[in-house]
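S.K.: sequence first, then the predicted structure, then my questions.
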Amino acid sequence: MPAAVLAAMQHSGLPLTSFGLFVRPVDHPLPVISLHAEQPYVLASTTKLVTSLAALDILGPRYRWRTHAFATGEIDGGRLLGDLLIVGGGDPRLSTADLRQWMQRMRAQGLNEVLGDIVLDRSAYHLQEDDHASTPEPAPDRPHHVRPDALTLDEGVLHVNVQPARSLVADVQSVPLLAGVRLVNKVSMGGGCSAHARWTEDNGQAQLWVEGSWASGCGQRQLSLVPPLDARVFGRAVAGLWRDVGGRLLGRVREGNLKSVQRDGARLPLYRPDGEAMFPWSTHLSQPLPEVVRDINKTSNNLAARHLMLSLSRGFPMRPATLAGAQESVRGWLLRQGLVSGDIEVDNGSGLSRAERGRPRALVQLLCNAWSSREARSFLDSLPVAGVDGTLAHRMDRGFATGQAFLKTGTLLDTRALAGYVRGRTGRIYAVAAVVNHPDAAAGRPALDATIEWLAQRG
């Protein structure tokens, strides 16, 4: 232990047993620093590194999530003589803008009117309530706790744009447009720039209340809230956006379940009643995997990480993903990386679960493997850079580590963590995992930063 690092840990007031630390050059097996490196620690969001590396290796950099639309009947003169089936594929980044553009493409392909229903299928994920037991409950003000959904829109968050207007109330609009939802605008034009939104149900009528006070100098701002699980936001958005792009729907938007009608528990391919395979009439492709991994690690996106984890379930997306299947895939991948049972435990892949634990030495071993892998560049580009961007944009922004440390952060009430790479002044690259587990873990953060600074200066 370097004296400066030890002093920083002692200055934190936390017991040294709270800290786990392992540092070694990526090109040499012997450690530079090691402290409790074989003890399992809660990893928090540094777990996302494991999920990301497994996905880049197993799925490959060209992987994309696919949201399919199937026409169950003929399209004659712009009219679909049947239902339009939208099959979710778990795209973690599907946005309102994406959905609108996709519907505009459908119109350009010649679809003007659906004579049947628009049927939504979200059977790509087969999750039980127990699968969420280790993570906090979602709440209106906790977007980072949104649960996975094969048809997720805007990462499960509803947005409301508020801007000044030349009237008694401000201009308020929901994003996306939601069919069947009454927007109640109670934002008065006056002093202050304060507003909040809430979702209510009154006698079966969904309502979005926006209340507050807005001044002409406030400009436009966006409010965010997590709607209830039963709000049917995706279906309401589909109905609202289809109408907004000029499409017509004779039936209604409703839920379906491919798993209940398909063969042998498979979701895809679809078959017609006569046994003939159906091909998607239109498909929306997600961003490539490296872009999603970059978002996951730069911003610590929990929902995208959980979607990525589920995508590792064997047989996905042809068969529904299960959490147990994803966990089995990751365990197998860890063994192939040279780790042993108990080195790293991954629950849902995001770090929200305290069951996600690992030995600092094992995490560094993965990082060293990744440095020489074929996907090293994509992985390195996904990591926050000290003092530059992501969750490190305003951290370690003055010193030797600035611009030279590429680290995923991890934060829970009882955990602070850093893991990634540091370039020393000599140009040598070090892999590092630094964790503190303690009820007052926040007091240990300066010691973690001091470790990175020492490594950047002396390495």
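M.R.: Done, it's in.
S.K.: in contact with Leu209: list those residues for me.
M.R.: Rather than Leu, residue 209 is Trp. Applying CB atoms under 8 Å, 6 or more residues apart in numbering, one finds that Trp209 lies in contact with 184, 186, 197-200. Just so you know, the C-beta spots here come from the backbone N, C-alpha and C atoms, and that holds for glycine as well.
S.K.: lowest average confidence, helix or strand, in this structure?
M.R.: Using mean pLDDT, DSSP states H and E, strand 270-271 stands out as the lowest-scoring helix or strand of the chain, at a mean of 82.
S.K.: now the strand or helix carrying Phe234, how far from the chain's geometric center?
M.R.: Applying DSSP states H and E as the criterion places Phe234 in helix 233-244. Relative to the mean C-alpha coordinate of its chain, helix 233-244 is positioned 23 Å out (CA atoms, centre = their mean, to the nearest Å).
S.K.: which residues sit against it?
M.R.: Contacts for helix 233-244 (CB under 8 Å, 6+ apart): 86, 96, 99-100, 103, 118, 120, 149, 151-153, 158, 176-181, 206, 227, 249, 252-255.
S.K.: quick one: which of these sit in strands?
M.R.: Per DSSP state E, strands hold the following members of the contacts of helix 233-244: 86, 118, 120, 158, 181, 206, 249, 253-255.
S.K.: strands of the stretch 1-150 of the chain, residue ranges please.
M.R.: Counting by DSSP state E, counting those that start in this stretch, the stretch 1-150 of the chain has strands at residues 19-25, 33-35, 41-42, 66-71, 75-76, 79-80, 84-87, 113-114, 118-121.
S.K.: low-confidence ranges, the chain, go.
M.R.: For the chain, the stretches with pLDDT under 70 are 259-265.
S.K.: centroid residue for this structure?
M.R.: Note on the chain: the residue nearest the mean C-alpha position is Ala304, at 1.8 Å, using CA atoms, centre = their mean.
S.K.: could you export the helix holding Phe234 as PDB, CA atoms only?
M.R.: Extracted in PDB, the C-alpha atoms of helix 233-244 (Å, rounded to 0.1, in the frame of the first residue of the first chain):
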ATOM      1  CA  VAL A 233     -48.400   4.400 -21.800                       C
ATOM      2  CA  PHE A 234     -47.000   2.600 -24.800                       C
ATOM      3  CA  GLY A 235     -50.400   1.700 -26.100                       C
ATOM      4  CA  ARG A 236     -51.700   5.200 -25.500                       C
ATOM      5  CA  ALA A 237     -48.600   6.600 -27.300                       C
ATOM      6  CA  VAL A 238     -49.200   4.300 -30.300                       C
ATOM      7  CA  ALA A 239     -52.800   5.400 -30.600                       C
ATOM      8  CA  GLY A 240     -51.900   9.100 -30.200                       C
ATOM      9  CA  LEU A 241     -48.900   9.000 -32.600                       C
ATOM     10  CA  TRP A 242     -50.600   6.900 -35.300                       C
ATOM     11  CA  ARG A 243     -53.400   9.500 -35.400                       C
ATOM     12  CA  ASP A 244     -50.900  12.400 -35.300                       C
END
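S.K.: which stretches in the stretch 251-400 of the chain count as helices?
M.R.: For the stretch 251-400 of the chain, the helices defined by DSSP state H, counting those that start in this stretch occupy 289-299, 302-310, 323-336, 360-371, 376-381.
S.K.: of all these, which lies closest to Ser12?
M.R.: With CB to CB, the closest approach to Ser12 among the helices of the stretch 251-400 of the chain belongs to helix 360-371: 17.2 Å.
S.K.: many thanks, I have nothing further to ask.
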